[in-house]
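J.: all I have is the shape, not the residue letters:
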Ligand SMILES: Nc1ncnc2c1ncn2[C@@H]1O[C@H](COP(=O)(O)OP(=O)(O)OP(=O)(O)O)[C@@H](O)[C@H]1O
Ligand SMILES: [Mg+2]
């Protein structure tokens, strides 16, 4: 195992097939990469090339067909579901295109939920959720339900939920896909701020070159493989 100091995640020859025989899809056909702590990475490529599948595999949400994934020197590809749950609950946050907020809960209740389900006390969970909402500029809206917030505000609540447990990495799958340009810029500024101030590592799947331009690194995929990589000196911390 080659675990470098500033390396957060390393994967080698990750393959993922869906189905068997004739109907089999080779969604990932041998992906190897490493992610450094504090890095902000964009993953780009045509629809169906395997971006979401890669994100699901690297975060342990989905199992691999073959290959290895090491997260801070731990073999994620060998972990049982329960261990992966714990790892995600302590070290990872997730942001999706459609926010995935629970409609009947208020902003603060949505944000504190992951802490409560990890066994944190209600008072501590509430305190941390309030802080996280403060970080995304939504403290005033803490008792609003998602339906009474704009798309950008809902996505900021989702970001607060993703960062409430101080994860080392946040995985974002087209986080601004449902937002207009102006709101996209606000969410991007927030992501940049969190990357700078908290050193949170971000991996952002996007179709938008504008989003990719704020990252420190762009990984281009096609047909289940990484085909190109570009460093961007202007982005990241
Ligand atoms: N659960 C699944 N069952 C079967 N095939 C799947 C499943 N998930 C993804 N695939 C297939 O795997 C390939 C990669 O899909 P994936 O969702 O990773 O693409 P993507 O790059 O995220 O595309 P998009 O930009 O449209 O979101 C596609 O051919 C897709 O049809
Ligand atoms: Mg996708």
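T.: Nice, I can see it. These figures come from a predicted structure and were not determined experimentally. Ligands and ions are numbered 1, 2, ... in the order given.
J.: OK, contacts around the residue nearest the centre of the chain?
T.: Taking C-alpha atoms, centre = their mean as the criterion, residue 171 is the residue nearest the geometric centre of the chain, at 0.9 Å. By C-beta atoms under 8 Å, 6 or more residues apart in numbering, the contact list for residue 171 reads 55, 58, 59, 92, 93, 94, 95, 203. Heads up, the C-betas are built off the backbone N, CA and C, glycines and all.
J.: now, which of those sits nearest ligand 1?
T.: residue 55 (7.8 Å; C-beta to the nearest ligand atom).
J.: redo the contacts of residue 171 as JSON lines? Include pLDDT, secondary structure and neighbour count.
T.: As requested, the contacts of residue 171 are exported to JSON lines (pLDDT from 0 to 100; DSSP: H, G, I helix; E, B strand; the rest coil; neighbours: other C-beta atoms under 10 Å):
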{"residue": "55", "pLDDT": "97", "secondary structure": "helix", "neighbour count": "20"}
{"residue": "58", "pLDDT": "97", "secondary structure": "helix", "neighbour count": "25"}
{"residue": "59", "pLDDT": "96", "secondary structure": "coil", "neighbour count": "23"}
{"residue": "92", "pLDDT": "96", "secondary structure": "strand", "neighbour count": "22"}
{"residue": "93", "pLDDT": "95", "secondary structure": "strand", "neighbour count": "25"}
{"residue": "94", "pLDDT": "95", "secondary structure": "strand", "neighbour count": "21"}
{"residue": "95", "pLDDT": "94", "secondary structure": "strand", "neighbour count": "24"}
{"residue": "203", "pLDDT": "97", "secondary structure": "strand", "neighbour count": "24"}
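J.: of all those, which comes closest to residue 127?
T.: Distances from residue 127 to the contacts of residue 171, taken as C-beta to C-beta, are shortest for residue 93 (18.2 Å).
J.: residue contacts, that closest one?
T.: For residue 93, the contacting residues are 161, 162, 163, 164, 165, 167, 169, 170, 171, taking C-beta under 8 Å, 6+ apart as the criterion.
J.: make it 10 Å
T.: For residue 93, the residues meeting the contact criterion (C-beta atoms under 10 Å, 6 or more residues apart in numbering) are 59, 114, 158-172, 200, 202.
J.: what of residue 104?
T.: The neighbours of residue 104, taking C-beta under 10 Å, 6+ apart as the test, are 110, 145, 146, 147.
J.: quick revisit: okay if I get the contacts of residue 171 as a markdown table plus distance to ligand 1?
T.: Output for those, formatted as a markdown table (distance: C-beta to the nearest ligand atom, whole Å):
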| residue | distance to ligand 1 |
| --- | --- |
| 55 | 8 |
| 58 | 12 |
| 59 | 13 |
| 92 | 18 |
| 93 | 19 |
| 94 | 15 |
| 95 | 15 |
| 203 | 13 |
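J.: now residue 38: phi and psi?
T.: Dihedral angles of residue 38 (phi, psi; degrees, to the nearest 10) stand at phi 80, psi 0.
J.: what's the mean pLDDT across stretch 210-227?
T.: Mean per-residue pLDDT for stretch 210-227: 94.
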